[in-house]
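1. the sequence isn't on hand, but the structure is:
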């Protein structure tokens with residue numbers, strides 16, 4: 001095959017939407033060139049055919065992560081060494097914006113607040129009260145995920161469907177309130193009403209027994225911004241599948257929480273934290289130990305911006321332990337953001353496992369952004385197929 005194909009022809013050949021074709025081109029999977037008219041684009045037919053053949057079902061087992069799902073999105077974009085939220089470079093954003101700023105950007109596409117941001121205080125209060133009643137029935141050793149899931153479940157009746165920008169923001173704010181309320185206090189809550197408006201200020205005393213100083217809350221806020229979104233991870237894919245059925249926002253978040261609870265996604269920092277607390281170095285340089293990344297082969301750009309404020313809040317002894325764990329490793333085995341998040345848990349004297357709460361609450365903002373975007377797509381557009389291999 002030596003002819004060029006239009007985007008529509010490529011979509012027909014691959015059995016995908018045109019937005020997916022554009023996503024393939026933006027990632028370099030397909031080569032896009034100007035068409036004869038100078039306005040449209042054309043694609044190399046040989047490349048398209050090769051991609052079509054690779055995408056066919058196989059009868060043999062494939063490695064984890066080998067099933068590729070590509071969709072068009074405006075929420076975020078990532079590549080080796082860089083991340084963008086709504087076309088804003090993440091490393092630039094984290095240098096000045098708060099988690100609340102990042103949430104607004106992800107949910108609405110704008111950094112500018114509006115008069116519609118005010119959320120019904122009665123709904124917020126009722127949702128939090130319901131969360132307190134439900135989580136009171138949980139055992140003291142209930143996992144972080146079970147508590148967060150209970151928070152999402154209990155708040156659901158008060159979480160509006162996201163039909164407009166105002167209801168999108170309201171749903172997200174009530175859900176974040178519920179997730180925060182699901183975690184028990186382990187430190188002293190701030191008496192400053194202004195400080196309590198920030199997610200970091202409300203979350204800190206549920207994570208750490210240490211006083212919520214400005215420097216410590218800044219480190220936590222940095223973690224929340226950096227972890228808010230990272231394209232189509234497994235939990236985000238689960239969220240979009242749930243959203244495609246028109247599930248409500250709280251139930252959509254439940255899909256993300258369930259997927260995140262596995263040891264291979266969202267819990268790597270817990271392992272790092274435990275190793276640091278035991279004064280041990282990494283037992284390997286795998287992602288589960290906070291090293292390497294499937295996309296950021298030359299180094300996770302989120303690691304250094306988080307490690308810097310973490311080191312600033314660590315005492316001298318803990319800083320030395322952290323430095324030994326994350327001593328410079330370059331290339332494919334460089335530290336990733338989970339190493340820095342585990343270091344945050346250690347520096348803040350959190351109980352092992354609480355870094356999962358940081359990850360989940362941060363990523364909820366990105367999950368909801370994807371859920372809102374999915375609501376504009378045709379319902380039930382995800383339909384996998386199997387290739388029957390016969391009885392084992």
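-> Arrived safely. Nothing here was measured: the structure is a model prediction, and the numbers come from that model.

2. can you give me the strands in the chain?
-> In the chain, the strands defined using DSSP state E lie at 4-6, 32-34, 41-44, 76-79, 82-85, 88-89.

3. which strands and helices lie in contact with the fourth one?
-> The reference is to strand 76-79. Judged by 3 or more C-beta pairs under 8 Å, 6 or more residues apart in numbering; DSSP states H and E, the packing partners of strand 76-79 are strand 82-85. In short, each C-beta sits where N, CA and C put it, glycine included.

4. again with the third one
-> Helices and strands touching strand 41-44, as assessed by 3+ C-beta pairs under 8 Å, 6+ apart, comprise strand 4-6, helix 7-14, helix 18-27, strand 32-34.

5. can you give me the buried ones in the worst-scoring helix or strand of the chain on mean pLDDT?
-> The weakest-scoring helix or strand in the chain, judged by mean pLDDT, DSSP states H and E, is helix 45-54 (a mean of 74). Using 16 or more other C-beta atoms under 10 Å as the test for burial, helix 45-54 gives 45, 47, 48, 51.

6. one more: stretch 317-337?
-> For stretch 317-337, burial by neighbour count (16+ other C-beta under 10 Å) applies to 318, 319, 321, 322, 325, 326, 333, 334, 335, 336, 337.

7. quick one: end-to-end length of that stretch, please.
-> 22 Å (C-alpha to C-alpha, to the nearest Å).

8. for residue 110, which of the helices and strands packed on strand 41-44 is the nearest?
-> Judged by C-beta to C-beta, the one of the helices and strands packed on strand 41-44 that comes nearest to residue 110 is helix 18-27, at 21.9 Å.

9. tell me the angle the closest one makes with helix 45-54.
-> Calculated by axes from the mean of the first three to the mean of the last three C-alpha atoms, to 10 degrees, helix 18-27 forms an angle of 110 degrees with helix 45-54.

10. on that earlier part again, I'd like the buried residues of helix 45-54 as CSV, with distance to residue 381 appended.
-> Below are those laid out as CSV (distance: C-beta to C-beta, whole Å):
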residue, distance to residue 381
45, 26
47, 25
48, 21
51, 20
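
11. which strands and helices lie in contact with the least confident helix or strand of the chain?
-> Using 3+ C-beta pairs under 8 Å, 6+ apart: helix 45-54 touches strand 4-6, helix 7-14.

12. nearest to residue 249, of the ones you listed?
-> helix 7-14 (30.3 Å).

13. show me which positions of that closest one end up buried.
-> Those buried within helix 7-14 under the rule 16+ other C-beta under 10 Å are 7, 9, 10, 11, 13, 14.

14. contacts for that helix next, please.
-> Residues outside helix 7-14 that contact it (C-beta atoms under 8 Å, 6 or more residues apart in numbering): 5, 17-18, 20-22, 30, 40-41, 43, 48-49, 51-52, 55.

15. residue ranges of the helices in the stretch 201-350 of the chain, please?
-> 214-227, 234-244, 249-260, 268-277, 303-313, 316-325, 337-347 (DSSP state H, counting those that start in this stretch).
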